[in-house]
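Q: Next one to model:
(one chain, ligands or ions: 1)
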Amino acid sequence: MTATTTSTSTGLPLATVRGLRVAYGDGPLVLDGVDLDLFPGELVALLGSSGSGKSTLMKSLTGFAPVNDGSVRVAGYDLTNLRHGQVRSLRASVGQIFQQFNLVGRLSVLTNVLTGALHDAGPINLGGGFTSGHRKRALELLDRVGIAHKAKDQARTLSGGQQQRVAIARALMQRPRLVLADEPVASLDPKMSHSVLELLHDIAREDGIPVLVSLHVLPLALEHSDRIVGLRHGEMVVSAPTAELDADKLEVLYAGDDEEGDDDDARRA
Ligand SMILES: Nc1ncnc2c1ncn2[C@@H]1O[C@H](COP(=O)(O)OP(=O)(O)OP(=O)(O)O)[C@@H](O)[C@H]1O
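A: Have a look, this model is predicted:
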């Protein structure tokens, strides 16, 4: 099944995927002919049941997935034909946010944010080497995500929602041209989930960059995204502006997955 790609955005896409096929080693195809465009300023929710290929699609946008066929272009880079030295530049231009935050817990919040600038800070150690400009920007970003008052605290002392805000500030420190967030709210309570997604949506709009967010909870996707794309067994079977979708129309992504209904309840929560 092929989804029609429509978008609420205008202008050129920052990322373009065409006919992408991915298999790990000798295994089966986990992405089978995927097309995707990501436009500046939009938050796109990526849905699909467990194993449908969401993380693999995210990895393909940073060159971490084994591409069998098709093309992937991100911020002007052709990922199926990267020249020597381009991998580092590409990854520096993509901010990544993860379910488990991936902070260094014993380091301060400020230092964690500063690590986002490592790619342009030259040979340094974490105790020094960052410029006053780096520190000023890191503090501004902590202020933007609402936790400047925690700058000196050890990252591990913060709540989950606060830690995810640190991770977002760290990603912004890279001055990313694209942000990928792989299940960024899966470890957070509903209130925190809404506020983190609101923050990511604001970043997309204010910074004019695409933000791709994989999610498991349909109401969160419907409330916080501009567009929804959905994978089913490695094929993109949904791609439409969020305003044209509802939970029933998204059932095609999950039909027949869970006879017990537990996952179904969680998705609709
Ligand atoms: N490194 C790998 N080596 C082999 N197979 C892999 C690897 N990574 C993922 N897969 C397989 O690829 C398929 C898609 O996995 P992927 O993690 O992309 O799905 P997903 O939609 O992100 O799942 P989830 O929602 O559970 O995180 C699965 O069958 C998985 O087992």
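Q: From the contact counts, what lies against the helix or strand encompassing residue 239?
A: For residue 239, the enclosing helix or strand under DSSP states H and E is strand 235-241. If contacts are counted by 3 or more Cβ pairs under 8 Å, 6 or more residues apart in numbering; DSSP states H and E, strand 235-241 sits against strand 29-38, strand 227-232. For the C-beta atoms, the positions are set from N, CA and C on the backbone; glycine is no exception.
Q: With mean pLDDT as extra columns, can I get these in JSON lines?
A: Output for the helices and strands packed on strand 235-241, formatted as JSON lines (pLDDT from 0 to 100):
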{"stretch": "strand 29-38", "mean pLDDT": "98"}
{"stretch": "strand 227-232", "mean pLDDT": "98"}
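Q: from those, which stretch is densest packed?
A: strand 227-232 (a mean of 25; mean count of other Cβ atoms under 10 Å).
Q: okay, that strand in CSV with CA atoms only?
A: Only the C-alpha atoms of strand 227-232 are listed here, as CSV (Å, rounded to 0.1, in the frame of the first residue of the first chain):
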residue,chain,number,x,y,z
ARG,A,227,1.4,16.2,9.9
ILE,A,228,1.3,12.4,10.7
VAL,A,229,3.2,9.7,8.9
GLY,A,230,2.6,6.1,9.7
LEU,A,231,4.5,2.8,9.1
ARG,A,232,2.9,-0.6,8.8
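Q: From the contact counts, what lies against that strand?
A: strand 29-38, strand 43-47, strand 235-241.
Q: returning to that earlier point: what is the mean pLDDT for the strand holding residue 239?
A: Strand 235-241 shows a mean pLDDT of 97.
Q: what angle do it and strand 43-47 make?
A: Counting by axes from the mean of the first three to the mean of the last three Cα atoms, to 10 degrees, strand 235-241 lies at 150 degrees to strand 43-47.
Q: Going forward, count from 4.
A: Noted, 4 is the first residue going forward, which turns the last one into strand 238-244.
Q: If you count neighbours, what's buried in strand 238-244?
A: For strand 238-244, a neighbour-count test (16 or more other Cβ atoms under 10 Å) marks 238, 239, 240, 241, 242, 243 as buried.
Q: Which residues outside stretch 49-64 are in contact with it?
A: 18, 20, 23, 25, 33-34, 37, 39, 68, 70, 75, 77, 82, 97, 181, 183, 185, 215-219, 221, 224, 231-237, 241, 253, 256-257, 260, 266 (Cβ atoms under 8 Å, 6 or more residues apart in numbering).
Q: Got the phi and psi for the residue nearest to residue 77 when sequence neighbours are not counted?
A: The shortest distance from residue 77 to any non-neighbouring residue, by Cβ to Cβ, 6 or more residues apart in numbering, is to residue 18 (4.6 Å). In terms of degrees, to the nearest 10, the main-chain angles of residue 18 are phi -130, psi 140.
Q: residue contacts, residue 18?
A: 39, 40, 41, 64, 75, 76, 77, 78, 181, 213.
Q: Most neighbours among the residues you listed, please name it.
A: Highest neighbour count within those, by other Cβ atoms under 10 Å: residue 213, with 27 neighbours.
Q: how close does the residue lying closest to that one once chain neighbours are set aside get to the ligand?
A: Once flanking residues are discounted, residue 213 sits nearest to residue 41: 3.8 Å by Cβ to Cβ, 6+ apart. Separation of residue 41 from the ligand (Cβ to the nearest ligand atom, to the nearest Å): 17 Å.
Q: same thing with residue 184?
A: 13 Å.
Q: beta partners of that residue?
A: Listed by DSSP bridges, the beta-bridge partners for residue 184 are residue 100, residue 216.
Q: where do the strands sit along this protein?
A: Assigned by DSSP state E, the chain shows strands spanning 18-26, 32-41, 46-50, 70-77, 80-81, 97-101, 181-185, 214-217, 230-235, 238-244.
Q: in the first one, what counts as buried?
A: Along strand 18-26, these residues count as buried under the neighbour rule (16+ other Cβ under 10 Å): 18, 20, 23, 25, 26.
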